[in-house]
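Trainee: coords please:
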Amino acid sequence: MQQADTLAWTGDRIAFDALVERLTAILVSHGASRHVAAIIARNCAMCERDGCTSHGVFRMAGYASSLGCRWVDGHAVPAIEDAAPAYCRVDARNGFAQPALEAARELSVEKARRTGLAAIAIRGSHHLSALWPDVEPFARAGLIALSVVNSFRCTVPHGGGSALFGTNPVAFAVPRSGDDPLVFDMATSAIPNGDVQIAARTGERLPEGVAVDASGVPTTDPDAVLDGGALLTFGGHKGSALSMMVELLAAGLTGGHFSHEFDWSGHDGAQTPHTGQFVLLIDPQHAGGRRFGERVETLIKDMRSAGVQRLPGDRRYRNRRRAEREGIHIGAEERARLDALLAR
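Mentor: Model prediction:
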């Protein structure tokens, strides 16, 4: 085992499949089934490979901690409910959201192909990752995909005085003709909470105007945010309205918890928000007018003519190609943390 692990590394780089296997072993050792662990491990490895380090192996400690204190059920088997011709409900049964989405994938795609639309409403789930890995595969299958997920209470609604919303991201993926899909993933908070955690670990300051401390005073100190402070929404009332929309779709519609409703105070070590997720799929082949793929390329061409140098997802794809050639970079400190998690 030790020899095989050593051979998987080339200096500070590791192949994607080897990293997935290592992360899978960590999650299994902390109480997840092999099936669940493999899905979460692949998700984390995808984020790390594509340069989304705030949602990559950095998140493994949170997954392990939530599993260890039994806040989340690492053996949960999602229940799929065929609710309507274009509607699929999923009870994650206190498990992770990604296995629930994977369980609903075949049925939801079939619904989208048949009716032109499909909604996936996931409840009773925990989501601790980026959203783009959830929607990109649908775009590669030719579908338009929109997903929202709420989080834990850490963001102040515009005009409010205390945290109520989560970071509440929105992800959107669109297929392209002969090229990688257009994919964006953005928090409706001014910055993601993961960036705050990384800044606290590295001793960096936060940008101005993104957070307040426990007294509601603007701060750039990440520790002050994590110690009773809160994030602000991006764009003032605009980001706040989008964050409210996410709460209503991801929790109000699905039956999941709003970001402020669940209580993890009795579970020392709980780090995965117990919330909900909503996914909307659209099959553009059912649309009228000119072919959707042609319209996408027309818009991209016009954006380029307007001076746009980087499209949504471009940086991730560049990082992905480099990682495929050279392996995924894992620093010495992060590798030591992974070793420690496996040892425990």
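Trainee: tell me how many other residues crowd residue 112.
Mentor: A count of nearby residues for residue 112, using other C-beta atoms under 10 Å, gives 27. To be clear about C-beta, it is placed using only N, CA and C from the backbone, and glycine gets the same treatment.
Trainee: so it: helix, strand or coil?
Mentor: Per DSSP: H, G, I helix; E, B strand; the rest coil, the local secondary structure of residue 112 is helix.
Trainee: run through the residues that contact it.
Mentor: By C-beta atoms under 8 Å, 6 or more residues apart in numbering, the residues touching residue 112 are 86, 118, 143, 281, 282, 283.
Trainee: look up how far residue 308 lies from the last one.
Mentor: This means residue 283. 27 Å (C-beta to C-beta, to the nearest Å).
Trainee: tell me which of the two has more neighbours.
Mentor: Set residue 283 next to residue 308 and count neighbours by other C-beta under 10 Å: residue 283 wins out with 20 against 10.
Trainee: in stretch 136-148, what's buried?
Mentor: With burial defined by 16 or more other C-beta atoms under 10 Å, the residues of stretch 136-148 counted as buried are 136, 137, 138, 139, 141, 142, 143, 144, 145, 146, 147, 148.
Trainee: please enumerate the helices of the chain.
Mentor: Here the chain has its helices, by DSSP state H, at 2-8, 16-29, 34-49, 60-68, 97-115, 132-140, 193-202, 222-226, 237-247, 292-305, 314-326, 332-343.
Trainee: kindly reformat the ones you listed as JSON lines containing distance to residue 166 and mean pLDDT.
Mentor: Listed next are those as JSON lines, based on distance: least, C-beta to C-beta, whole Å; pLDDT from 0 to 100:
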{"stretch": "helix 2-8", "distance to residue 166": "36", "mean pLDDT": "62"}
{"stretch": "helix 16-29", "distance to residue 166": "23", "mean pLDDT": "97"}
{"stretch": "helix 34-49", "distance to residue 166": "18", "mean pLDDT": "98"}
{"stretch": "helix 60-68", "distance to residue 166": "15", "mean pLDDT": "97"}
{"stretch": "helix 97-115", "distance to residue 166": "13", "mean pLDDT": "98"}
{"stretch": "helix 132-140", "distance to residue 166": "16", "mean pLDDT": "98"}
{"stretch": "helix 193-202", "distance to residue 166": "8", "mean pLDDT": "90"}
{"stretch": "helix 222-226", "distance to residue 166": "14", "mean pLDDT": "95"}
{"stretch": "helix 237-247", "distance to residue 166": "8", "mean pLDDT": "98"}
{"stretch": "helix 292-305", "distance to residue 166": "31", "mean pLDDT": "94"}
{"stretch": "helix 314-326", "distance to residue 166": "23", "mean pLDDT": "97"}
{"stretch": "helix 332-343", "distance to residue 166": "25", "mean pLDDT": "93"}
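Trainee: any chance of these in CSV, plus distance to residue 258?
Mentor: CSV is the format used below for these (distance: least, C-beta to C-beta, whole Å):
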stretch, distance to residue 258
helix 2-8, 42
helix 16-29, 28
helix 34-49, 24
helix 60-68, 19
helix 97-115, 16
helix 132-140, 20
helix 193-202, 17
helix 222-226, 21
helix 237-247, 5
helix 292-305, 35
helix 314-326, 30
helix 332-343, 31
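Trainee: nearest to residue 214, out of these?
Mentor: For the helices of the chain, proximity to residue 214 was assessed by C-beta to C-beta; helix 222-226 is nearest, at 7.2 Å.
Trainee: taking the contacts of residue 112, tell me the two that lie furthest apart.
Mentor: 86 and 143 (12.8 Å).
Trainee: thinking again about what came up before, among the helices of the chain, which is nearest residue 125?
Mentor: Nearest of these to residue 125, taken as C-beta to C-beta: helix 97-115 at 3.9 Å.
Trainee: of all the helices of the chain, which one is nearest residue 267?
Mentor: Relative to residue 267, the nearest member of the helices of the chain by C-beta to C-beta is helix 60-68, separated by 8.1 Å.
Trainee: just checking, what packs against that closest one?
Mentor: On a contact count with 3 or more C-beta pairs under 8 Å, 6 or more residues apart in numbering; DSSP states H and E, helix 60-68 meets helix 16-29, helix 34-49, helix 332-343.
Trainee: tell me the domain boundaries of this protein?
Mentor: Taking automatic domain parsing as the reference, the chain has its domains at 2-68+317-343, 79-189+233-286.
Trainee: can I get the ones you listed in JSON lines with distance to residue 302?
Mentor: Shown next, in JSON lines, are those (distance: least, C-beta to C-beta, whole Å):
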{"stretch": "domain 2-68+317-343", "distance to residue 302": "21"}
{"stretch": "domain 79-189+233-286", "distance to residue 302": "14"}
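Trainee: quick one: closest of these to residue 207.
Mentor: Taking C-beta to C-beta, domain 79-189+233-286 is the member of those nearest to residue 207, at 11.2 Å.
Trainee: re earlier: pick the most deeply packed of the domains of the chain.
Mentor: Mean neighbours per residue, mean count of other C-beta atoms under 10 Å, is largest over these for domain 79-189+233-286, with a mean of 21.
Trainee: many thanks, I have nothing further to ask.
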